[in-house]
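# quick one, what's the 3D model for this:
(one chain, ligands or ions: 1)
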Amino acid sequence: MHIAGNPAHLTAQQRELIEIAATLGREKFAPRAAQHDRDATFPFDNYQDLREAGLLKICVPKDLGGLGADFATYVMVAAEIGRHCGATALSWNMHVSSSMWSGFIADALDMTPEQRADHAINRRIHHANIADKGLVYSQPFSEGGAAAAGKAPFGTLARPVDGGYIVSGKKIFASLAGAADFYGVLCTLDKPGATQRDSLYLAVPATADGVSVVGDWDPLGMRGTVSRTLLLHDVFVPHTARLMPEGLYWQAAARFPHMFATLSPTYMGIAQAAYDFTVAYLRAEVPGMPPVKRRMYPTKQIAVADMRIKLEQTRSIFLQNARDAQVDPDKDTRMRLYAAHFTIMENANALAALAIRTCGGQSMLKSLPLERLYRDSRCGSLMLPWTAELCMDRLGRECLYESGERDEAIE
Ligand SMILES: Cc1cc2nc3c(=O)[nH]c(=O)nc-3n(C[C@H](O)[C@H](O)[C@H](O)COP(=O)(O)OP(=O)(O)OC[C@H]3O[C@@H](n4cnc5c(N)ncnc54)[C@H](O)[C@@H]3O)c2cc1C
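Have a look, this model is predicted:
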């Protein structure tokens, strides 16, 4: 079954890249997933395959040596990777976001001519790092406070100094910790009265003085992301470290909200994988299992029908999201986006739970992938800035209030 439903609707590039991801996923990532999950190790081997296949530079513009994929193409390829290894797809998202945010998203935003010229110089360096050298970027923005939810300025500060900035702070859940070559750190310009508008997005070299990775990593799911804590202590970075001009992250978050929706394709892939597994299991086609078919029981057929309905509902809303991404979406598009993100994250877990109930006890043994899908799927709704709760929060408020409305004004 194709991750995008009917592939006839896809462009030639989309079909080709999804096929590359499917082959890598089936032949390389899926067979390695259990070990990375068990040992909570970063899948360097998968990244080497992604590098060789050109997928590290998927969203680097073509004129800078990349594949120039757009939002829709990226999310479908990401879902196909998530189908085979959720942790690889999720951490790859952090990497790809660095070129997507500094690439076509930044292009869609307002900048002064000087900012745009400066941005062109800086991103050329970072996109060349990815496209020509195969380097890996990550995206630590979470700090454990209200900043990652978009409710307060980042506590990590960048103090302007001659030639660049001195960066200090702490990032939690820094996926690719110890694996990335550059950490794409979200921080606040250190100046009196700084607000969220004074955001900065800086590429900090992993080898810079003052950078360290601390703490252990033994979570429920997504264990191969190795999301340990990143400490930045008086780290100097030059001006060219700017992945976006000063303040532009704030504009991007406000005007291109689909930039955060790149977290859900991984979970679309996991939902598909839970369904794929269930069908194979009931047909007695799972390698290593005794050839006992279970598909003839009406209860199994109803359960699979229920799963297929949920899966197609999820896919439809996922594809709608892929088509909708643009700068300055109207309010309805924004609300569809929250609804889609919530649905994909929650349905992935619901499908994995149904898969276990339907297949039964033997299916959840550690020797099979289903229990990993179940654990990985639970992590989706926890991802800031759009956890399941915060999607509900935004939807509920925006369904009932028009922009600028207050209760006193409408009573
Ligand atoms: C596998 C995995 C990989 C991750 N990788 C990365 C990464 O690469 N980079 C990165 O930056 N982060 C990453 N994260 C972190 C993630 O995005 C969240 O920041 C983290 O899970 C939040 O932790 P918390 O639930 O303790 O947050 P808390 O801030 O304690 O929030 C708890 C819950 O309260 C709610 N909440 C929080 N703030 C508000 C508010 N202001 N108003 C209303 N409700 C609120 C939310 O629903 C949230 O789920 C990763 C997380 C996981 C699980």
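
# please enumerate the strands of this structure.
137-138, 157-161, 164-174, 182-189, 199-205, 211-214, 228-238, 242-244 (DSSP state E).

# average model confidence for the first one?
Spelled out, it's strand 137-138. Averaging pLDDT along strand 137-138 yields 98.

# stretch 11-31 now?
On average, stretch 11-31 scores 98.

# also stretch 221-231?
98.

# what residues does residue 56 make contact with?
47, 50, 95-96, 130, 134, 136 (C-beta atoms under 8 Å, 6 or more residues apart in numbering). Backbone N, C-alpha and C define where each C-beta goes, glycine included.

# tell me which two of those residues sit farthest apart.
Using C-beta to C-beta, the pair of those lying farthest apart is 96 and 134, separated by 13.6 Å.

# for the ligand, what are the nearby residues on the stretch 201-350 of the chain?
Proximity of the stretch 201-350 of the chain to the ligand, by C-beta under 6 Å from any ligand atom, involves residues 222, 225, 227.

# I'd say the last one and residue 217 touch.
The one in question is residue 227. Yes - with contacts counted by C-beta atoms under 8 Å, residue 227 reaches residue 217, the gap being 6.5 Å.

# and these two? which has more neighbours close in?
For residue 227 versus residue 217, neighbours defined as other C-beta atoms under 10 Å are more numerous around residue 227 (27 against 18).

# now the helices for the stretch 1-150 of the chain?
Residue ranges of the helices in the stretch 1-150 of the chain, as given by DSSP state H, counting those that start in this stretch, are 12-24, 30-39, 44-52, 71-84, 86-100, 106-107, 113-131.

# and the second one, what does it pack against?
Using 3 or more C-beta pairs under 8 Å, 6 or more residues apart in numbering; DSSP states H and E as the contact criterion, the secondary-structure elements in contact with helix 30-39 are helix 86-100, helix 370-378.

# what's it in contact with?
With C-beta under 8 Å, 6+ apart, helix 30-39 has contacts from 41-43, 45-46, 84-88, 223-224, 366, 369, 372.

# report whether that helix contacts the ligand.
No - Helix 30-39 does not reach the ligand (C-beta under 6 Å from any ligand atom); its nearest approach is 11.9 Å.

# run the angle between that helix and helix 370-378 for me.
Relative orientation of helix 30-39 and helix 370-378, computed by axes from the mean of the first three to the mean of the last three C-alpha atoms, to 10 degrees: 70 degrees.

# report the buried residues of helix 30-39.
Neighbour counts over helix 30-39 (16 or more other C-beta atoms under 10 Å) mark 30, 32-33, 36-37 as buried.

# please apply the same query to the third one.
Of the residues in helix 44-52, those scored as buried under the neighbour-count criterion (16+ other C-beta under 10 Å) are 46-47, 49-51.

# just the CA atoms of that helix, as CSV, please.
In CSV, the C-alpha atoms belonging to helix 44-52 read as follows (Å, rounded to 0.1, in the frame of the first residue of the first chain):
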residue,chain,number,x,y,z
PHE,A,44,24.6,6.2,12.3
ASP,A,45,24.3,3.3,9.8
ASN,A,46,20.9,4.6,8.6
TYR,A,47,22.3,8.1,8.4
GLN,A,48,25.1,6.9,6.1
ASP,A,49,22.4,5.3,3.9
LEU,A,50,20.4,8.5,3.9
ARG,A,51,23.6,10.4,3.0
GLU,A,52,24.4,8.1,0.1
